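Colleague: Please work out how this folds:
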Amino acid sequence: MDIEKTVKNLERRGFEVSRFETKEEAAEYLTGKIHDTTVGIGGCKTAQQMGLYEKLVDRNNEVYWHWVKPGDETLKHELDAKVFISSANAIAETGEIINIDGKGNRLSALAFGKKRVFIVAGVNKLCDDFDSAMYRARNVAATQNATRFDVKTPCKIDGKCHDCRSPQRICNALLVLWGPMMEMESVEVVLINEELGM
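Modeller: Okay, the predicted model is just below:
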C-alpha cells in the first residue's frame, strides 16, 4: 500500500487530504478549522481516541454525539449539523472510501447535506485496492465493532463476516464514496500516521 499514491487518488476524486504524524496534531488542526458552528460526530472510535468531542465542545455552538447523549434526537441533530465527523472502515489506494452501518445514521450524514465532512482515519484503514478495502470493512472493522455491542452474531464468535440474517446484525448497509456528494461544501480526509479505531 502506497500512501502517496492513495493521497493522489483521493485528491483526483475530489477529496481534500491532510496528513499528520499524530492524533494530537490532527486534533489541533481540526479544532482550528471547526469553530462557531454546529458539529455532528458519527459512531467513531478514532474521534474518541483523539478526544475530539471534548476539544470541539467549547469552540462551537453545539456538538452532537450520540455516544455522549444517546437518543434519536441527537442522531437527527448529527445529520443536520453543518459539520460532520466520521471515520472510514477502509480506504482503498485507488481512492474509494468505504463505510458499513447498522442503523444508517452515519451513512446518511456522509451522503447528504450541504455541510463540511471530515473523515479521520489512521493508516491501519488504508488498503492496497478496492477488494482488500471491502474485505477490511466487512471482516475487520465490522467484526471488531460487533464485539463492542451486546449482539449475537456469528462474526462476533469467529471474526469473519457470514452475511448473516441475525436480527442484531450491525452491518445492514454499505456506502462507497467515489467522490464528494453533490452540493457538499467539502469532504476532507484527515490521515494520521498511527493505528486508530477499528
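Colleague: Please report the distance of the closest residue to K114 other than its chain neighbours from L177.
Modeller: Computed as C-beta to C-beta, 6 or more residues apart in numbering, the closest residue to K114 that is not its neighbour in sequence is E183, at 5.3 Å. All C-beta spots, glycine's among them, are computed from the backbone N, C-alpha and C. Per C-beta to C-beta, to the nearest Å, E183 is found 14 Å from L177.
Colleague: Looking at those two, which has the bigger crowd around it?
Modeller: Taking other C-beta atoms under 10 Å, E183 and L177 do not tie; L177 has more neighbours (24 against 9).
Colleague: Okay, and the beta partners of that one?
Modeller: Assessed by DSSP bridges, L177 has beta-bridge partners I97.
Colleague: List the contacts of it.
Modeller: 15, 96-99, 110-111, 187 (C-beta atoms under 8 Å, 6 or more residues apart in numbering).
Colleague: Rebuild those as a markdown table, extending it with pLDDT, neighbour count and distance to S86.
Modeller: Converted to a markdown table, the contacts of L177 look like this (pLDDT from 0 to 100; neighbours: other C-beta atoms under 10 Å; distance: C-beta to C-beta, whole Å):
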| residue | pLDDT | neighbour count | distance to S86 |
| --- | --- | --- | --- |
| F15 | 98 | 21 | 13 |
| E96 | 98 | 21 | 15 |
| I97 | 98 | 27 | 10 |
| I98 | 98 | 23 | 12 |
| N99 | 97 | 22 | 7 |
| L110 | 97 | 24 | 6 |
| A111 | 96 | 14 | 11 |
| V187 | 98 | 22 | 10 |
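Colleague: Relative to R169, which of those residues is nearest.
Modeller: Of all these, N99 has the smallest distance to R169: 15.7 Å, by C-beta to C-beta.
Colleague: Residues contacting the helix or strand harbouring the closest one, please?
Modeller: Under the criterion of DSSP states H and E, N99 resides in strand 97-101. The contact list for strand 97-101 (C-beta under 8 Å, 6+ apart) reads 10, 15, 86, 88-92, 106-107, 110, 119, 133-134, 136-138, 141-142, 171-177, 189.
Colleague: Whichever of those residues count as buried, I'd like them selected in PyMOL; how would that read?
Modeller: With 16 or more other C-beta atoms under 10 Å as the criterion, this PyMOL line picks the buried residues out of these:
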select buried, resi 10+15+86+88+89+90+91+92+106+107+110+119+133+134+136+137+138+141+142+171+175+177+189
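Colleague: From the contacts of strand 97-101, which land in strands?
Modeller: Taking DSSP state E as the definition of strands, these contribute 86, 90-92, 119, 173-177, 189.
Colleague: Redo the contacts of L177 as a markdown table? Include distance to D72.
Modeller: Formatted as a markdown table, those follow (distance: C-beta to C-beta, whole Å):
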| residue | distance to D72 |
| --- | --- |
| F15 | 30 |
| E96 | 30 |
| I97 | 26 |
| I98 | 26 |
| N99 | 20 |
| L110 | 19 |
| A111 | 19 |
| V187 | 26 |
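Colleague: ok, so of these, who is nearest W65?
Modeller: For the contacts of L177, the closest approach to W65 (C-beta to C-beta) belongs to L110, at 15.3 Å.
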